[in-house]
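Q: Starting from these lines, generate the structure:
(one chain, ligands or ions: 1)
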Amino acid sequence: MWAMLLDYDASVIEAVKRVYGDLYKAFLDALSRPGSRMYARVNTLRVTVGEVIDSLRARGISAFQDEELSEAIYFPVEGPFNIELHNYDKVVVADKYAAESVYLGSNLYIPGVIRCPNTVRSGDEVTIVTVQGLPIAKGISMINCRDVKHLRKGIAVEVVRSIYRAPKIIELPEYRAGLIYPQSLAAMYAVRVLDPRPKELVVDTCAAPGGKTGHIIEYSMGEAFVIAFDYSKRRLEEMKSEIERLKHTPFIEIWRADSRYLHIDFSWIRADKIIVDPPCTSLGVRPKLYDMKRYSDIVAASKYQIQFLRSASKILKVGGIIVYSTCTITIEENEEIIESIIKEDRCLKLVDIEFKRGSRGILTPHSYAYMRFHPHIHDTTGYFIAKLMKTC
Ligand code: SAH
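A: Numbers count the residues shown, from 1 in each chain. The predicted structure follows:
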């Protein structure tokens, strides 16, 4: 009933099939569902995992520590539940971003409302649907829709029942106090693989909104020197407020730059460790209610990705480490990027990744050295991680 609407051109589907063969439908199907756990990272600079879990449980919220990553906690996701549309006058349409949160039980906020009929009054029971008309949740309107044009922020619909249900992380007091940060488990492995240590100079080339940067700060106990770059002003603003919420401001420099040219604009940097987490086609991100991708998106992303790595390698110390990560699954944006950079730059060598979770890479000479997560197999986001060392 809630089958995902995928608008992928034939070449994107081919790229997915190169990775998953006959299992590509199982992969696409998994994208339409959330994983069975929703993860958050505990800000271990300020609180212990036990304290956070105790305070959540004291309010009746189930939360558990991850089996391998000690800073990770998870909330079980319940569902799917059936949501039916009865009253066609009381339908509120949410944009894609908002709909994907509402699908998991978040409230619908005013900026995410695309359409809200004048007949809806504050206190009415409404159904929230996607742009394609798929019902995803029921709730109580907090606004008179007639006024929606004049409202900027706040809750539009308080969700009572949704297809899936997980705690509304950004409404938890632990979130507001900067004690937790919602992040997928797979993404947390990127910083674990980087292993940033006190006193090291660590650069995050594509940092905003700062998920991995915050993890670098916490994991190195606030004792690494961290420089975070991003090009987007809007995302840098978002990152600054995240960093303030987490109280990480003293531990980090945030600079705006085009990270394809760090070796020119910041040629003095000699980093011990660099994380390259570039823009990608995000094919591994779940749950998705709908999505559109063209093969040209894969090509465009891959052209940027290799440039970030070229520049990163020039501002890295000899003996330094680069971790490259993406939340997509195409070979073009993952294995092939790394295979090209190591062919081009004879000083960069692959380093094996030694975590138990996930599986190895695919179809390339150095597949054994990569870490991959597959949504339908590992119950995570689709993810790729590679680790490189500069040897000369
Ligand atoms: N690492 C982040 C997510 C990064 S998403 C986290 O863990 O939270 C990719 C980021 O790359 C986006 O914020 C985007 O603004 C940034 N980006 C895109 N092009 C860039 C460029 N040329 N230089 C620097 N950053 C860029």
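Q: from here on, contacts and neighbour counts on C-alpha atoms
A: OK.
Q: for the stretch 101-250 of the chain, what spans make up the strands?
A: Taking DSSP state E, counting those that start in this stretch as the criterion, the stretch 101-250 of the chain carries its strands at 108-109, 113-115, 125-129, 135-141, 155-162, 180-182, 201-204, 225-230.
Q: tell me which residues in the third one are buried?
A: So that's strand 125-129. 125-129 (16 or more other CA atoms under 10 Å).
Q: among those, which are within reach of the ligand?
A: Among the buried residues of strand 125-129, proximity to the ligand is found for none (CA under 6 Å from any ligand atom).
Q: Of all residues in the stretch 51-200 of the chain, which one is closest to the ligand?
A: Ala187 (7.1 Å; CA to the nearest ligand atom).
Q: Quick check, that residue in contact with Ile385.
A: No. Judged on CA atoms under 8 Å, Ala187 makes no contact with Ile385 at a distance of 9.0 Å.
Q: These two: which is more packed in?
A: Ile385 (28 against 23; other CA atoms under 10 Å).
Q: and the residue of the stretch 51-200 of the chain closest to the ligand, what does it touch?
A: Shown in contact with Ala187 (CA atoms under 8 Å, 6 or more residues apart in numbering): 212, 327, 383.
Q: check these against the ligand, which are close?
A: Answer for the contacts of Ala187 near the ligand (CA under 6 Å from any ligand atom): Lys212.
Q: any chance of the contacts of Ala187 in CSV, plus neighbour count and pLDDT?
A: Listed next are these as CSV, based on neighbours: other CA atoms under 10 Å; pLDDT from 0 to 100:
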residue, neighbour count, pLDDT
Lys212, 23, 98
Cys327, 27, 98
Tyr383, 28, 98
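Q: Which one of the contacts of Ala187 is nearest to the ligand?
A: Lys212 (4.1 Å).
Q: Identify the residues contacting the residue nearest to that closest one when sequence neighbours are not counted.
A: With sequence-adjacent residues excluded and distances taken as CA to CA, 6 or more residues apart in numbering, Lys212 is closest to Val191, at 6.4 Å. Listed by CA under 8 Å, 6+ apart, the contact set of Val191 reads 212, 215-216, 275.
Q: Might you report the residue contacts of Phe64?
A: 53, 73-75.
Q: which parts of the protein sit against the ligand?
A: So the chain meets the ligand at 206-212, 230-232, 235, 257-260, 277-279 (CA under 6 Å from any ligand atom).
Q: if we can go back for a sec, tell me which of the contacts of Ala187 fall in helices.
A: Using DSSP state H, Lys212 are the members of those that sit in helices.
Q: quick check, nearest of the contacts of Ala187 to Tyr20?
A: Tyr383 (13.7 Å; CA to CA).
Q: you'd agree the closest one is up against Ile331?
A: No. No contact is recorded between Tyr383 and Ile331 when judged using CA under 8 Å, the distance being 11.4 Å.
Q: and Lys349, helix, strand or coil?
A: Of the three states, Lys349 takes strand under DSSP: H, G, I helix; E, B strand; the rest coil.
Q: Contacts only, for it.
A: By CA under 8 Å, 6+ apart, the neighbours of Lys349 are 342, 388-391.
Q: And stretch 170-185, what's buried?
A: Quick answer for stretch 170-185 (16+ other CA under 10 Å): 174-175, 178-185.
Q: And stretch 143-161, by the same measure?
A: In stretch 143-161, counting by 16+ other CA under 10 Å, buried: 143-145, 148, 155-159, 161.
Q: Check those and tell me the two furthest apart.
A: Once CA to CA is applied, these give Val148 and Arg161 as the farthest pair, at 22.6 Å.
Q: hang on, the earlier thing: the strands of the stretch 101-250 of the chain into JSON lines, with extra columns for mean pLDDT?
A: What follows is the strands of the stretch 101-250 of the chain, written out as JSON lines (pLDDT from 0 to 100):
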{"stretch": "strand 108-109", "mean pLDDT": "96"}
{"stretch": "strand 113-115", "mean pLDDT": "95"}
{"stretch": "strand 125-129", "mean pLDDT": "97"}
{"stretch": "strand 135-141", "mean pLDDT": "97"}
{"stretch": "strand 155-162", "mean pLDDT": "96"}
{"stretch": "strand 180-182", "mean pLDDT": "98"}
{"stretch": "strand 201-204", "mean pLDDT": "98"}
{"stretch": "strand 225-230", "mean pLDDT": "98"}
